[in-house]
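> With the sequence up front, the predicted model follows.
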Amino acid sequence: MLIYARADLESDLRRTLFWREDLERYVAERADEARMLALSAEPHVVVVDLELPGADELIDSLRTHALPHPVSIVALSHGAPGWLEGQGDRVDAILSLPPGPEWDDRLVDVLQMPTRKQARFDVSFSVETRLRQRADAQHGLALNISAGGILIDAQGLQLRAGDDVSLRLLLPAMDAPVEGRARVVRQPVEERLGLRFEAFSGNGDARIREFLSALASPSSP
């Protein structure tokens, strides 16, 4: 889920299904950042605060430049929703601010919001990243991993959302690093970065699956 809204709305949104534990969230406060995250993270649900600059353009771009899968667009309105009459082809739902108890019922009925499909496991191992335009490597610590990506403690790293990086994952109990490419898709909290796997070298895909299977095993520590 991508949320394009002011930071001061977060406390209200946290009390709704937008902050359900099994949903991935990408938050942006600028229109250009929201458009970039839409392309890189490919969310199934996009929430747009209509008062922010570029909100209409973001909605139009999502409708005219479709993502690889269907996307539901929810508009947050600070006034009466009447202006949306006849614009059902632009947004799938409009929710009037401030949030009320009717929000969650409507979201369940209208959006049928997706849950995270990939299991995510807490881990701790070294991750080496390298920007394509730089020769020097940067080192971080993996915090959790799934088949689709990884969250790292990025304290001191010079990375930002949208960066393409090469990766070396020093997976525990593996005799050699797993190497590949990833894209930085989000910064969920300060000093933490979410990276989406793009491709792996050699049998990297199989080694990642083997590692995740071991983590999922009941006998795994």
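Everything's here; your move.
> what's near enough to touch the spatially most central residue of the chain?
Centroid-nearest residue in the chain: residue 26, 4.3 Å away (criterion: CA atoms, centre = their mean). Residue 26 sits next to 1-3, 37, 41, 43, 185-186 when contact means CB atoms under 8 Å, 6 or more residues apart in numbering. C-beta here means a position set from N, CA and C on the backbone, and glycine is covered the same way.
> Following the chain onward from the least confident helix or strand in the chain by mean pLDDT, which element is next?
Lowest on mean pLDDT, DSSP states H and E among the helices and strands of the chain sits helix 102-111, with a mean of 68. Following helix 102-111 in sequence order, the next helix or strand is strand 121-122 (DSSP states H and E).
> Any chance you could list what contacts that next one?
Residues from elsewhere that reach strand 121-122 (CB under 8 Å, 6+ apart): 143-146, 212, 215-216.
> Mind checking which of the residues you listed are buried?
The neighbour-count test (16 or more other CB atoms under 10 Å) applied to these identifies 143, 145-146, 212, 215 as buried.
> Break this structure into its domains for me.
Using automatic domain parsing, the domain ranges for the chain come out as 2-111, 121-216.
> any idea which of those domains scores lowest on pLDDT?
Lowest mean pLDDT within the domains of the chain: domain 2-111, a mean of 78.
> any idea how far it is from the chain center?
Computed by CA atoms, centre = their mean, to the nearest Å, the chain-centroid distance of domain 2-111 equals 14 Å.
> swap in stretch 124-131?
19 Å.
> Report the buried residues of that stretch.
Under the neighbour-count criterion of 16+ other CB under 10 Å, stretch 124-131 has 125, 127-129, 131 buried.
> circling back: show me what the least confident helix or strand of the chain is in contact with.
Under the criterion CB under 8 Å, 6+ apart, residues 16-18, 45, 72, 74, 92-93, 95, 113 lie in contact with helix 102-111.
> For it, output the C-alpha coordinates as CSV.
What follows is helix 102-111, C-alpha atoms only, in CSV (Å, rounded to 0.1, in the frame of the first residue of the first chain):
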residue,chain,number,x,y,z
GLU,A,102,-17.4,3.8,9.2
TRP,A,103,-14.0,3.8,7.5
ASP,A,104,-13.0,0.2,8.2
ASP,A,105,-16.3,-1.3,7.2
ARG,A,106,-16.2,0.6,3.9
LEU,A,107,-12.6,-0.4,3.2
VAL,A,108,-13.3,-4.0,3.7
ASP,A,109,-16.4,-3.9,1.4
VAL,A,110,-14.9,-1.7,-1.3
LEU,A,111,-11.2,-2.6,-1.4
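> what about the longest helix in this structure?
Longest helix in the chain, counting residues (DSSP state H): helix 204-216.
> quick one, strands of the protein?
2-4, 26-28, 45-49, 72-77, 93-96, 121-122, 126-131, 138-145, 149-153, 164-169, 178-186, 192-200 (DSSP state E).
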